[in-house]
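Undergrad: Test case, fold it:
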Amino acid sequence: MSGKDRLRDRLPPFVPLFRETLATPAYRQLSFGARALFTALRTHCVKNNGHVYLSHRDAGEELGHKSRNDIANWYRELAHYGFIVQTEAASLGVDGKGKATHWRITDMPTRKGNNELGAPTKDFLRWDGAVFEPHVAPSRRWNEHKQAALKKQNPGLHVRTTVGCTSVPEVDCTFVPPGGGSGSDVQPISVQRDGTDVQPISRLATRFAGSGAKMRGGAA
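TA: Below you'll find the predicted structure:
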């Protein structure tokens with residue numbers, strides 16, 4: 001095969017993902033965001049494994065994701081399951097510019113100081129089964145606690161009055177005062193007689209009506 005044929009059969013630039021890595025239980029446990037970040041880190045690992053870096057801002061632009069809190073959790077998730085290992089912490093450079101954290105991808109060989117390649121460690125094969133728990137931002141945690149507290153409270157529509165309909169005092173109609181005669185100054189209403197100045201209403205009405213008729217007759 002000539003050189004031109006070999007160049008023609010070469011594949012264009014690609015990102016290698018090993019089938020052994022994809023078939024592991026640890027990889028299947030990864031969230032989709034962590035898987036996307038792992039693929040993005042592979043694109044930045046050409047010959048410098050052990051010094052792979054991708055800032056949260058650049059990772060957000062490549063993945064099309066704005067939440068840096070999620071990206072930070074995806075980094076922690078990849079490290080938790082053993083797909084990446086931190087080799088250098090983030091710091092502020094001498095020139096005042098920040099340096100992102102450096103990582104080593106565990107399923108790829110690492111170049112040593114004597115220009116030799118070290119075998120991949122594949123830390124994810126030794127995953128102990130502990131599930132990753134993401135960190136929650138303080139503001140988001142406060143909102144979750146507030147919503148949980150509101151759910152525990154009874155809604156206003158279901159609040160009922162505490163006064164029962166049977167709380168009205170009852171009067172016993174069968175109660176009879178103790179026996180005994182009435183006092184000397186007490187007489188039944190039916191026995192009392194009208195006074196000299198008291199006249200029935202019907203008589204008063206009749207008198208006034210008659211006097212009115214006489215007045216009308218005299219006027220006539």
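
Undergrad: what about the protein, any weak spots by pLDDT?
TA: Counting by pLDDT under 70, the chain shows low-confidence ranges at 1-9, 138-146, 149-220.

Undergrad: How many residues are close by the closest residue to residue 93 other than its chain neighbours?
TA: In space, and not counting its chain neighbours, residue 93 is closest to residue 99: 5.3 Å by C-beta to C-beta, 6 or more residues apart in numbering. All C-beta atoms are positioned from the backbone trio N, CA, C, and that covers glycine. Counted with other C-beta atoms under 10 Å, residues neighbouring residue 99 total 13.

Undergrad: now swap in residue 71 and tell me
TA: Residue 71 has 23 neighbouring residues, counting by other C-beta under 10 Å.

Undergrad: elements contacting the helix or strand harbouring it?
TA: Here residue 71 sits within helix 68-81, counting by DSSP states H and E. On a contact count with 3 or more C-beta pairs under 8 Å, 6 or more residues apart in numbering; DSSP states H and E, helix 68-81 meets helix 25-29, helix 32-43, helix 56-63, strand 84-88.

Undergrad: So which bits of it are buried?
TA: Neighbour counts over helix 68-81 (16 or more other C-beta atoms under 10 Å) mark 70-71, 73-75, 77-81 as buried.

Undergrad: Need the residues you listed in TSV (columns: distance to residue 31).
TA: TSV is the format used below for the buried residues of helix 68-81 (distance: C-beta to C-beta, whole Å):
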residue	distance to residue 31
70	9
71	12
73	8
74	7
75	12
77	6
78	10
79	14
80	11
81	10
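
Undergrad: Out of those residues, which is nearest to residue 25?
TA: When the buried residues of helix 68-81 are compared for distance to residue 25 (C-beta to C-beta), residue 81 wins out at 9.3 Å.

Undergrad: Could you tell me how far that closest one is located from residue 122?
TA: To residue 122, residue 81 is 11 Å away according to C-beta to C-beta, to the nearest Å.

Undergrad: ok, now residue 18?
TA: On the measure of C-beta to C-beta, residue 18 and residue 122 end up 10 Å apart.

Undergrad: Kindly report the same for residue 128.
TA: As defined by C-beta to C-beta, residue 128 lies at a distance of 15 Å from residue 122.

Undergrad: Pull the helix holding residue 71 out as CSV, backbone CA atoms only.
TA: Below are the C-alpha coordinates for helix 68-81, written out as CSV (Å, rounded to 0.1, in the frame of the first residue of the first chain):
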residue,chain,number,x,y,z
ARG,A,68,-21.2,26.3,36.9
ASN,A,69,-22.5,24.6,40.0
ASP,A,70,-23.6,21.7,37.9
ILE,A,71,-20.2,21.6,36.1
ALA,A,72,-18.4,21.5,39.5
ASN,A,73,-20.6,18.6,40.5
TRP,A,74,-19.8,16.7,37.3
TYR,A,75,-16.1,17.1,38.0
ARG,A,76,-16.6,15.8,41.5
GLU,A,77,-18.7,12.9,40.1
LEU,A,78,-16.0,11.9,37.6
ALA,A,79,-13.4,12.0,40.4
HIS,A,80,-15.7,10.1,42.8
TYR,A,81,-16.1,7.1,40.3
